[in-house]
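S.K.: Could you look at this predicted model? Sequence included:
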Amino acid sequence: MRLLKIVPDDTNIDFVRLRYWAFGLTTLLTIAAVALVFIHRLNMGVDFVGGIMIEEKFMVAPSVDKVRKVVDDLKVGEASLQQVGSPTTLSIRLPRPESNDPAATNQVVEKVKAALSQNFAGAQFSKQDAVSGKVSGELVWNGILAVVVAVLLIGLFAIFRFEWQFGVSTVVAIMHDVLMTLGFFALTQLEFDLNIVAAVLTIIGYSINDKIVIDDRIRENMRRYRKMEMREIINLSVNETLPRTVMTSLTILLALFALLIFGGHVLRGFTAAMILGVVVGTYSSIYVSSSLLITLGLRAEPTPDKPGKPNAATGAERVGPGNN
């Protein structure tokens, strides 16, 4: 027995009616996200910019200016400080020593640890990361390449699996999801490291899964209701898949919120990116990817110059290329 049913099976919501409002909102949010990335920049982690990152925990919230003065007095380079997770935890970022010898890096870390322990009672060293400039440059390129290749391959898959309109709408929707994530990190200044790249790729995977399910239902209904208008087919398809979409998103969000609360600050950026990605991905699947098919001229019935051919398996008329 079902004790709770969040979305009825017989919903009849006119999603397509709001597509122009959705396109306008999507355009504004995308422009805002790109502007935030260019204006505020991403708070790149050591993985991408190189250097030394030291994480220190204090008994009470310290004065950031005092911590910076203590570190600057060591003459180990200009320090960049940021609270991580709680006011009592600071991330201290320093330039990497000129020498590539790991011993030089360890000396810098030990000097900082000793100075902080001496000036702040109860200060405890948490962790450190060190990445060379060459490695960080390679990681930046590999991260960008991974995202671009993933989006392009997904678009090609949608084109060969369905039609070119599905491929274009899917790529547009996924790029919207990625840009929303980048804009969020530029706005919040959460550290952007390799964990976030992994989150972005995971968001792409989740988003394409949702979109392919809806696209497949649209194609089935196009074959079933050849004389139905495209907006009606899309509304029908989205409503038919809506219970699955909502329940999948809710169950994933429950797990992510648990991870956000109990996973600690190390996973906070990854989890925040995933939560945003699930919400934005669900929105783009319904209001961007599906509705864009109408704008791209997708039609259910065969065109006069390309009549449908009988399907060998069922004997039903097949939709002509470019119109299914």
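M.R.: Structure received. Small disclaimer: the values here were computed from a predicted structure and weren't measured. Numbers count the residues shown, from 1 in each chain.

S.K.: all helices in the stretch 101-250 of the chain, in order from the N-terminus.
M.R.: 102-119, 133-161, 164-188, 194-224, 230-262 (DSSP state H, counting those that start in this stretch).

S.K.: Comparing those, which comes out most buried?
M.R.: helix 164-188 (a mean of 21; mean count of other CB atoms under 10 Å). Glycine gets a C-beta too; all of them are placed from N, C-alpha and C.

S.K.: Out of the helices and strands in the protein, which is least certain?
M.R.: The helix or strand of the chain with the poorest confidence is helix 46-49; it has a mean of 68 (mean pLDDT, DSSP states H and E).

S.K.: for the stretch 1-150 of the chain, what are the low-confidence residue spans?
M.R.: The model of the stretch 1-150 of the chain has pLDDT under 70 over residues 1-11, 46-47, 49-50, 78, 85, 97-102, 129-140.

S.K.: let's see 90
M.R.: Within the stretch 1-150 of the chain, the stretches with pLDDT under 90 are 1-27, 29, 37, 39-150.

S.K.: which residues in it form strands?
M.R.: For the stretch 1-150 of the chain, applying DSSP state E, counting those that start in this stretch gives strands covering 43-44, 51-57, 80-84, 86-94, 124-131.

S.K.: Ok, which of those comes nearest residue 261?
M.R.: strand 86-94 (13.4 Å; CB to CB).

S.K.: still on that earlier bit, and the helices of the stretch 101-250 of the chain, which one averages the lowest pLDDT?
M.R.: Of all the helices of the stretch 101-250 of the chain, the minimum mean pLDDT falls on helix 133-161 (a mean of 73).

S.K.: Figure out how far stretch 159-169 is from the centre of its chain.
M.R.: 22 Å (CA atoms, centre = their mean, to the nearest Å).

S.K.: likewise stretch 268-288?
M.R.: Between the centre of stretch 268-288 and the centre of its host chain there is 6 Å, according to CA atoms, centre = their mean.

S.K.: send the alpha carbons of that stretch over as PDB?
M.R.: In PDB, the C-alpha atoms belonging to stretch 268-288 read as follows (Å, rounded to 0.1, in the frame of the first residue of the first chain):
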ATOM      1  CA  ARG A 268      30.600  20.400   1.300                       C
ATOM      2  CA  GLY A 269      31.500  21.900  -2.100                       C
ATOM      3  CA  PHE A 270      30.900  18.700  -3.900                       C
ATOM      4  CA  THR A 271      27.600  18.100  -2.200                       C
ATOM      5  CA  ALA A 272      26.400  21.700  -2.800                       C
ATOM      6  CA  ALA A 273      27.300  21.400  -6.500                       C
ATOM      7  CA  MET A 274      25.300  18.100  -6.700                       C
ATOM      8  CA  ILE A 275      22.200  19.600  -5.000                       C
ATOM      9  CA  LEU A 276      22.200  22.500  -7.300                       C
ATOM     10  CA  GLY A 277      22.800  20.200 -10.300                       C
ATOM     11  CA  VAL A 278      19.800  18.000  -9.500                       C
ATOM     12  CA  VAL A 279      17.500  21.000  -9.100                       C
ATOM     13  CA  VAL A 280      18.700  22.800 -12.200                       C
ATOM     14  CA  GLY A 281      18.900  19.600 -14.200                       C
ATOM     15  CA  THR A 282      15.300  18.700 -13.400                       C
ATOM     16  CA  TYR A 283      14.200  22.200 -14.400                       C
ATOM     17  CA  SER A 284      16.100  22.100 -17.700                       C
ATOM     18  CA  SER A 285      14.800  18.700 -18.600                       C
ATOM     19  CA  ILE A 286      11.200  20.000 -18.400                       C
ATOM     20  CA  TYR A 287      11.400  23.600 -19.400                       C
ATOM     21  CA  VAL A 288      14.500  23.800 -21.600                       C
END
